[in-house]
Structures are given as structure tokens and as C-alpha cells.
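J.: Below is the structure, and that's it, no one-letter string:
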């Protein structure tokens, strides 16, 4: 551990995204090594025992693919070569994590299109939630094999921030070979000092970051701070720490951080509720019965098909809609898992009937409680911007 970094408490969290960089997995002679991965898997196991969930975003596929081909590996950095190496290296990268994990590991590959398309975004979200519910470790990576430059997410630091928002994480953990953010590049400036806490990512703070510090990775401290900025905007704090120090990784399991904490301006729930209450809603909406209206007004219930009376107007799966009682009073706003036509067909039915009625199912809820804000919450919070 760095003696200049004071120990600090990690923010309370129930679900986290852990990003592991290529430099922690790449072996000196090529290929992948479990040397640093073992401590990270032990941390995830300890978190699981404590009732917490972790989604893993792992680099290393390109490095693993290059090692598979050895002398025949393409030396150029063109897109086709990177895609081929990534395709080849995905299997050994997943195999590495499965060899260390006592529970099943699932590979999830995402592209820019998966996250900008409303239906695919919700499908990815539902899949990750279901994997966590099944006690499976999701290992996420960008689908480099099919992504093109203009549609690439960029790097796995920023992908991790996007996934953190996707799964409603409370914390983003970025493990690399750097133990913290420094006031300058410590490799070239002996006066550089580590910063244990960053309340706000200002231009001055971003200027402290340099370029990529690894021959096998695509990102450096700059991309880590960019990712932390994306996470902060979603109400998610970010912890930057050394994944090469087993004691540092072990301390995370006890809720202690030896690294840099980039704070979020507000909590994840505050950020999400703020967006739900202020974002423009679709022109259509959902009418519910009195029982559902009372339950939704309390802010702790999901909207199930049985509470739906009718769908009003037009809206699509993934649209933000207003939910009103039979008297016309809006009781909540939320993201609908089904389009207007589907909601109309499901009105008054039991959740178990969804597959029979529609021939498919996007989940038991019409609107999940995590994707909803009640009018009572809006009134309590007021209209001041956090």
C-alpha cells in the first residue's frame, strides 16, 4: 500500500461494477496470468458472502488472442486485426475467471447499439439483472468482433461506467496498476502526490491525468477519470486502486479503500429519481386501479399487470410514461417494460399469464419499482435541483 494514501471508508454499497484492466491480467511472456486476478476473485467472493453483488468488466481478450497465435499474431493495429484477436482471446479470458470462481461465469458482450437502442438496452439490463439473481458472475466486455470505430464504446473504463448505470450500481471500482490519482505523473515528477479524495472532477483535476501507461491496455488515468465523471453524473462514486496489491484488494472487502475516491454529486437514487421526475414523458400513459394507485403512491411497489386498467394513447417499450388512477390523478412516472398495445392486452391479468398472452415476456412487471418515481417522492423532494 502507498504510505501517502490514508485509509478511508468505502461508500455503502449493495451492487458494484468492478473493472479489471489488461495490465493486471497480461503475463510477462504473453497470454494471461491469474497472479493478480486471484485476490480480486477473493474480494468478489467475500462481497457475495456479505450479500453484495458484483458485475465484472474485464479487459484482456486482445492480449490473450495475441498469445494464442504467438509468432503468427498480426502486428498492425488496424480494426480487423484487433477484432480477430479479441474474438480469439474471449474464450481464454472467460476461462481464466471461471477457473478462479466457485460459481458459474457468464459472458456478456455489448456494443454501442445495445446501449443506444431502447429495446436492446432494456434487454441487456434485464439479462444482467437475471444473471445476478441466479447467483452468476457476469463478465462484461465490449463486442469488439462486430463493433466498428464509429460505434465503439471506446475502452473498458468507460464501458464499466455505462454498465454501472445500466445495472443501477452503487459503486464503480476500477482496478489497475496505478494505486491512485496523482497531482502529476509520478513516473516523471518526483513532487507528485496521491489524491485520496476528489469531490468534483474539474478541468484542473482532469489535467493531472496523462495518457495510457501500459503497452497492453487502451486507457490510462485520463480514461479512468472520464469514466468516473460518467458514473458521478449517474450518482455513482468511483474508487481507483491498485489491483496489484493484494492487501489493498483485501481491504476493500472490509469496506476500506487505499486509493482515490471520486465522489458523486448526489446519490444514485437521487440522480435517477431526479431524471424520472423531470424527463419528458411519452404522450400516452397507463391507468391503474385504486389498489395499485395506493401502492405506487408509497414509492415501494412495482406496477404489475393485475393493477392495470388500461393503456392510454401511444408509447413504446422503454418510454417514460405517467401512471394515473381512475380519477385521472397522476400517482407516478416510470419506464414501461411494454408498449401501449401490450399493456392493454395484459390489463388485469396475472404476471404468470404474460408469456401466454403475448407469446413472450420482458419480465413480471409492467414498470419496475427501480424505474419509477412516485408523486409523493416528488413532493417530498421538492423541485430544487440537487
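T.: In hand now; what should we look at? All values reported here derive from a predicted model rather than from experimental measurement.
J.: Around residue 125, count how many other residues there are.
T.: For residue 125, the count of nearby residues is 24 (other Cβ atoms under 10 Å). C-beta here means a position set from N, CA and C on the backbone, and glycine is covered the same way.
J.: That one and residue 301, how far apart?
T.: 20 Å (Cβ to Cβ, to the nearest Å).
J.: And residue 190, by the same measure?
T.: Taken as Cβ to Cβ, the span from residue 190 to residue 301 is 58 Å.
J.: repeat for residue 361
T.: 20 Å.
J.: do the same with residue 179
T.: Between residue 179 and residue 301 the computed distance is 44 Å (Cβ to Cβ).
J.: what helices or strands is the longest helix belonging to the chain leaning on?
T.: Ranked by number of residues, the top helix in the chain under DSSP state H is helix 79-100. The contact analysis (3 or more Cβ pairs under 8 Å, 6 or more residues apart in numbering; DSSP states H and E) places helix 79-100 against helix 37-49, strand 53-58, helix 61-69, strand 105-110, strand 137-142.
J.: Out of those, which gets nearest to residue 267?
T.: Comparing the helices and strands packed on helix 79-100 against residue 267 with Cβ to Cβ, the closest turns out to be strand 53-58 (17.8 Å).
J.: Direction included, what does that closest one pair against?
T.: Strand 53-58 has these partner strands in its sheet, going by DSSP bridges: strand 15-20 (parallel), strand 137-142 (parallel).
J.: Rebuild these as JSON lines, extending it with mean neighbour count and mean pLDDT.
T.: Output for the strands paired with strand 53-58, formatted as JSON lines (neighbours: other Cβ atoms under 10 Å; pLDDT from 0 to 100):
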{"stretch": "strand 15-20", "mean neighbour count": "25", "mean pLDDT": "97"}
{"stretch": "strand 137-142", "mean neighbour count": "23", "mean pLDDT": "93"}
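J.: which residues of the stretch 201-350 of the chain fall in helices?
T.: Taking DSSP state H, counting those that start in this stretch as the criterion, the stretch 201-350 of the chain carries its helices at 203-207, 221-233, 246-253, 268-278, 290-297, 340-346.
J.: low-scoring pLDDT stretches of this protein, where are they?
T.: By pLDDT under 70, the low-scoring segments of the chain are 1-4, 71-79, 116-117, 144-154, 210-219, 269, 377-386.
J.: Where do the domain boundaries of it fall?
T.: 8-265, 272-381 (automatic domain parsing).
J.: re earlier: need the strands paired with strand 53-58 in CSV with distance to residue 271, can you?
T.: Listed next are those as CSV, based on distance: least, Cβ to Cβ, whole Å:
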stretch, distance to residue 271
strand 15-20, 15
strand 137-142, 21
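J.: Let me see the contact set for the most far-flung residue of the chain relative to its centre.
T.: The centre of the chain is farthest from one residue, residue 327, which by Cα atoms, centre = their mean lies 38.6 Å away. Residues counted as contacts of residue 327 (Cβ atoms under 8 Å, 6 or more residues apart in numbering): none.
J.: Residue numbering should commence at 173 henceforth.
T.: Sure, I'll start counting at 173 from here, so that last one is residue 499.
J.: any idea how far it is from residue 371?
T.: From residue 499 to residue 371 the distance is 45 Å (Cβ to Cβ).
J.: try residue 355
T.: 15 Å.
J.: Same question for residue 512.
T.: Taking Cβ to Cβ, one finds residue 512 at 44 Å from residue 371.
J.: Could you do residue 258 as well?
T.: For residue 258 relative to residue 371 (Cβ to Cβ), the value is 37 Å.
J.: which one of the two has more residues nearby?
T.: A side-by-side neighbour count of residue 258 and residue 371, using other Cβ under 10 Å, places residue 258 first with 25 against 12.
J.: My read is that that one contacts residue 235, right?
T.: No: Residue 258 lies out of contact with residue 235 (Cβ atoms under 8 Å); the separation is 9.9 Å.
J.: Grab the nearest non-local neighbour of residue 342.
T.: Leaving aside its chain neighbours, residue 342 sits nearest to residue 185 (3.8 Å; criterion: Cβ to Cβ, 6 or more residues apart in numbering).
J.: Let me know the secondary structure of that neighbour.
T.: coil (DSSP: H, G, I helix; E, B strand; the rest coil).
J.: okay, now it: neighbour count?
T.: 20.
J.: Please apply the same query to residue 439.
T.: 15.
J.: how close does it sit to residue 409?
T.: 9 Å.
J.: of residue 351 and residue 473, who's got more company?
T.: residue 351 (22 against 19).
J.: Which helix or which strand is home to that one?
T.: Using DSSP states H and E, residue 351 is not contained in any helix or strand.
J.: With adjacent residues omitted, what lies nearest to it?
T.: Leaving aside its chain neighbours, residue 351 sits nearest to residue 414 (3.8 Å; criterion: Cβ to Cβ, 6+ apart).
J.: ditto for residue 299
T.: residue 280 (6.8 Å).
J.: For the one you found, the count of nearby residues, please.
T.: Neighbour tally, residue 280, other Cβ under 10 Å: 18.
J.: same question, residue 529
T.: Every residue meeting other Cβ under 10 Å relative to residue 529 is counted, giving 14.
J.: Verify the contact between it and residue 521 for me.
T.: Yes: here residue 529 reaches residue 521: they are 6.1 Å apart, a contact under Cβ under 8 Å.
J.: still on that earlier bit, of the strands paired with strand 225-230, which is nearest residue 242?
T.: Across these, residue 242 has its closest neighbour in strand 309-314 (22.3 Å, Cβ to Cβ).
J.: so that closest one versus helix 233-241, what angle?
T.: 90 degrees (axes from the mean of the first three to the mean of the last three Cα atoms, to 10 degrees).
J.: I am finished for the moment; much appreciated.
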